[in-house]
Structure formats: structure tokens, C-alpha cells
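Undergrad: what follows is a predicted protein model with its sequence.
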Amino acid sequence: MSTSAQQGRLVAVVEASQSVETAAQLLAESGADGLVVMSNGAPVGLVTDHDLALRVAGVDADPASTLVGSVMSEPLITVDPGASFAEVVKLMRTHGIRRIPIVKDGRLAGMVELDDLLITLAGEFGDLAECLRREISMHRDVSGPRYQVKMGRIGWHPHLRWKT
């Protein structure tokens, strides 16, 4: 199976000139639901299990003779390694996609998937909840409500003091 390194994980790849039968086997072996399509060492598209179902099985095409390049999703939307979380989300939303290859200097450097973003957000929310839990337990002796809502914003009460 062809792969490319990505922060400790491997990104499954397939050549545009290979058959969709080969792509389906690579999907099954890798456990991935999408492959980055390569041509002459550069990423040129994506092919997913959904693409194979609709563009091959859905039209009774022969998986052994149909080339990946003819059923891949293109143009390939990519990000560079320095892209922000917000940039990635905007691209996914704008293009209605769940995965974006990370490309540096024309070479595949990794993949960011919607699941990765959700896991990151879940971790951030967990950290925020832990901060709030600790802060609440530190200030249990403060009487009255600790937060007040003014014009749609949450503000601190002026009498709240941090314990040292």
C-alpha cells in the first residue's frame, strides 16, 4: 500500500493511472474512507468510497478497467502546513468537503479531516470545562451569582476576587 507520512499517521495514496479495483482494495486495507490521488509524484485529486459507489458501481462501470483518474474528485482543494483552524473550516464549508490534503512545495505532507477538527474542538471544550470546574471550586464561598449578562456578553462581578 502506498502511503505518505502525516504526524505519526499515514495518508493512503493511489496513482491516477491505477484501476478503481486497486483503489477499493487500498481503501479496504488501509481502513481509510478516502485516498489522495497522485500523478507524477504530485497530489491531483481525491477518491473516496462514496466516489467509487456512485461513479463506478452506480453506473455499472468495470472496476478492473476504470482508472482512478476518471472517477476522482477534482480540482483538489489543499492547504499548506501553516493554515489556521479557521482557514481549514472555511474551505471545508465552502467546498462541502470533509478532508483536505496538506501540501507543501507541491508535495503531499499530510491530511486534515473533519474528524480531526471535531476531536480538536472536543479537547478544547474539555479543557475549558476543566478550567471552569476548577475556578468554580476555588470560589465557592463567593455569595450571589458570579456572572452577569450585559448586552449579550458575560462579565465578571466587580466583587469577585481570586484566592491566592
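TA: Cool, the structure landed. Residues are numbered from 1 along each chain as shown.
Undergrad: pLDDT score for the spatially most central residue of the chain?
TA: By C-alpha atoms, centre = their mean, the chain has its centre lying nearest to residue 113, at 1.7 Å. What the model reports for residue 113 is a pLDDT of 91.
Undergrad: against residue 60, how distant is the residue nearest to it when sequence neighbours are not counted?
TA: With sequence-adjacent residues excluded and distances taken as C-beta to C-beta, 6 or more residues apart in numbering, residue 113 is closest to residue 99, at 4.4 Å. Where C-beta positions appear, they are placed from N, C-alpha and C, glycine not excepted. According to C-beta to C-beta, to the nearest Å, residue 99 stands 27 Å off from residue 60.
Undergrad: okay, these two: which has more neighbours?
TA: Comparing residue 99 with residue 60 by other C-beta atoms under 10 Å, the one with more neighbours is residue 99, at 19 against 6.
Undergrad: isn't that one up against residue 110?
TA: No. Taking contacts as C-beta atoms under 8 Å, residue 99 lies outside contact range of residue 110: 10.8 Å.
Undergrad: just the helices in the protein please.
TA: Remark: helices assigned in the chain by DSSP state H are 20-30, 49-55, 85-95, 114-138.
Undergrad: would you mind finding the most buried of those helices?
TA: helix 20-30 (a mean of 18; mean count of other C-beta atoms under 10 Å).
Undergrad: helices or strands up against that one?
TA: strand 9-15, strand 34-39, helix 49-55 (3 or more C-beta pairs under 8 Å, 6 or more residues apart in numbering; DSSP states H and E).
Undergrad: again, 6 Å this time
TA: Secondary-structure packing of helix 20-30 (3 or more C-beta pairs under 6 Å, 6 or more residues apart in numbering; DSSP states H and E): strand 9-15, helix 49-55.
Undergrad: now distance to residue 21 and mean pLDDT too, for those, in TSV please.
TA: As requested, the helices and strands packed on helix 20-30 are exported to TSV (distance: least, C-beta to C-beta, whole Å; pLDDT from 0 to 100):
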stretch	distance to residue 21	mean pLDDT
strand 9-15	11	86
helix 49-55	9	91
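Undergrad: out of the ones you listed, which comes closest to residue 28?
TA: Smallest distance to residue 28 across these (C-beta to C-beta): 9.3 Å, for helix 49-55.
Undergrad: chain center to stretch 47-57, what's the gap?
TA: From the chain centre to the centre of stretch 47-57 is a distance of 20 Å (C-alpha atoms, centre = their mean, to the nearest Å).
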